[in-house]
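Colleague: sequence first, predicted coordinates after that:
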Amino acid sequence: MHPDFLLSPDIVFLNHGSFGACPIPVLERLHAWQRRMESQPVAHLGRDIISLMEQARTALGAYLGAPPNDIVFFPNPTTAVNAVMHAMLNASPGTPLHLRPDDEILTTDHEYGAMIRTWRYFCKHSGARLVEHPIPLPLTTAEDFVERFWEGVTPRTRLIFLSHITSQTALIFPVAEIIRRARRAGILCIIDGAHAPSQIPLNLGALEPDLYTGALHKWLCAPKGTAFLYARQEIQPYLDPLVVSWGYESEMPGPSQFVDYHEWQGTRDMSPFLSVPAAIAYQQAHNWDTVRARCHALAVQTRDRINTLTGEEALAPSEFIGQMASVRLPPKTHPQTLKTVLWEQYRIEVPVFSWQEQPFLRVSFQVYNTQADADALVAALTHIL
């Protein structure tokens, strides 16, 4: 196990994708911020926090290729999307976030369950319709994906919600062309990038989504409870705060109403957000392009080895794969049983689940993983299956 991580050496940890893992130097920075806060709470939270958060957003903005005032920290992408969803429920007719009854939200059948539930809630209360457009596997080319997805667009489509990297199928979707087409068609586009920051290079200035949320505690290895919401400046005035606090009708407004509305949600520990620059610096100091390439190679190789074992077809060509890969398992596999056996008998932590009534396994590789971890999983599956 990599010396900078606290993960137990007694386990084979192949599930970075769920909650991430934070390196010790970044944890030390987190604890330093917490000690600073506790040594003088009023100075830290009452006087300094606005400028400290601005510094953290500036570092994140530089990393993401976006102006710092177009980004707000959230604890996770689920909360960020809920903030957008509730703003849409309160949106006035004729504004960019307003959907009428029977207007359509177009997404895919690969989306994360918490997000699908969020949009079902919205549709229940707004009268809009959620369209989970099927994207059959295997994928072939980015061009084919775009055309298949765009077949779901109708005259009633007002919002596109799409994963940048899917959670269960672990596929990188070609969102750039979808964003461009949506802009030309006057369709609002929200990208769920929970797995994207650091797993793949990300430049929001080049993508120009209307809204984009990403987790930072996953592949960037920031402390738990760090994520962001990016909003194009034209959309920001319509994003009412999820939590109304001092930033609403602020007595000391800053340069960004978007930040004023969403950053301060009452007393809470901002230390995880303030530690994001340390996570960025950690990866920059450790030649992360090389780390990313090595982990990608391990993911593709391990996927191919498992597919050879099971006889199953790959879900997509390797260009759709980042640092994690999902594989189909034999139809008679019971996911929970296999997951339990892998953990209890082999001490392998890896997600096994059912997706569209088929058993799947998803493997993640991060800087602390080695070839030996992949070998252990393949050996265990060879014995079990």
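Modeller: Arrived safely, thanks for sending.
Colleague: which of the helices or strands spans the residue nearest to residue 126 when sequence neighbours are not counted?
Modeller: With sequence-adjacent residues excluded and distances taken as C-beta to C-beta, 6 or more residues apart in numbering, residue 126 is closest to residue 99, at 5.7 Å. In short, each C-beta sits where N, CA and C put it, glycine included. Under DSSP states H and E, no helix or strand contains residue 99.
Colleague: which of the three states applies to residue 159?
Modeller: Put simply, residue 159 is strand when judged by DSSP: H, G, I helix; E, B strand; the rest coil.
Colleague: strands along the protein, start to end?
Modeller: 12-13, 71-74, 104-108, 129-133, 157-163, 188-193, 211-215, 227-231, 324-328, 348-349, 352-355, 358-364 (DSSP state E).
Colleague: now these in JSON lines, with mean neighbour count and distance to residue 383?
Modeller: Shown next, in JSON lines, are the strands of the chain (neighbours: other C-beta atoms under 10 Å; distance: least, C-beta to C-beta, whole Å):
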{"stretch": "strand 12-13", "mean neighbour count": "22", "distance to residue 383": "14"}
{"stretch": "strand 71-74", "mean neighbour count": "26", "distance to residue 383": "43"}
{"stretch": "strand 104-108", "mean neighbour count": "23", "distance to residue 383": "35"}
{"stretch": "strand 129-133", "mean neighbour count": "17", "distance to residue 383": "37"}
{"stretch": "strand 157-163", "mean neighbour count": "24", "distance to residue 383": "34"}
{"stretch": "strand 188-193", "mean neighbour count": "25", "distance to residue 383": "37"}
{"stretch": "strand 211-215", "mean neighbour count": "28", "distance to residue 383": "34"}
{"stretch": "strand 227-231", "mean neighbour count": "26", "distance to residue 383": "39"}
{"stretch": "strand 324-328", "mean neighbour count": "26", "distance to residue 383": "17"}
{"stretch": "strand 348-349", "mean neighbour count": "20", "distance to residue 383": "12"}
{"stretch": "strand 352-355", "mean neighbour count": "17", "distance to residue 383": "15"}
{"stretch": "strand 358-364", "mean neighbour count": "23", "distance to residue 383": "15"}
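Colleague: so which of the ones you listed gets nearest residue 334?
Modeller: Nearest of those to residue 334, taken as C-beta to C-beta: strand 358-364 at 7.4 Å.
Colleague: that closest one vs strand 324-328, what angle?
Modeller: 160 degrees (axes from the mean of the first three to the mean of the last three C-alpha atoms, to 10 degrees).
Colleague: show me what strand 358-364 is packed up against.
Modeller: The contact analysis (3 or more C-beta pairs under 8 Å, 6 or more residues apart in numbering; DSSP states H and E) places strand 358-364 against helix 16-19, helix 288-310, strand 324-328, helix 335-346, strand 352-355, helix 371-384.
Colleague: that strand to helix 335-346, inter-axis angle?
Modeller: Going by the same axes, to 10 degrees, strand 358-364 makes 40 degrees with helix 335-346.
Colleague: could you check the angle strand 358-364 makes with helix 288-310?
Modeller: Strand 358-364 and helix 288-310 are oriented at 150 degrees to each other (the same axes, to 10 degrees).
Colleague: phi, psi of the most centrally placed residue in the chain?
Modeller: Note on the chain: the residue nearest the mean C-alpha position is residue 194, at 0.3 Å, using C-alpha atoms, centre = their mean. Per-residue torsions, residue 194: phi -50, psi -40 (degrees, to the nearest 10).
Colleague: thinking it is in contact with residue 216, fair?
Modeller: No - Residue 194 is not in contact with residue 216 according to C-beta atoms under 8 Å; the separation is 10.0 Å.
Colleague: joint contacts of these two?
Modeller: Common neighbours of residue 194 and residue 216 are listed as residue 227 (criterion: C-beta atoms under 8 Å, 6 or more residues apart in numbering).
Colleague: redo the helices and strands packed on strand 358-364 as CSV? Include mean pLDDT.
Modeller: Converted to CSV, those look like this (pLDDT from 0 to 100):
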stretch, mean pLDDT
helix 16-19, 97
helix 288-310, 98
strand 324-328, 98
helix 335-346, 98
strand 352-355, 98
helix 371-384, 98
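Colleague: what is the neighbour count of residue 332?
Modeller: With neighbours defined by other C-beta atoms under 10 Å, the count for residue 332 comes to 7.
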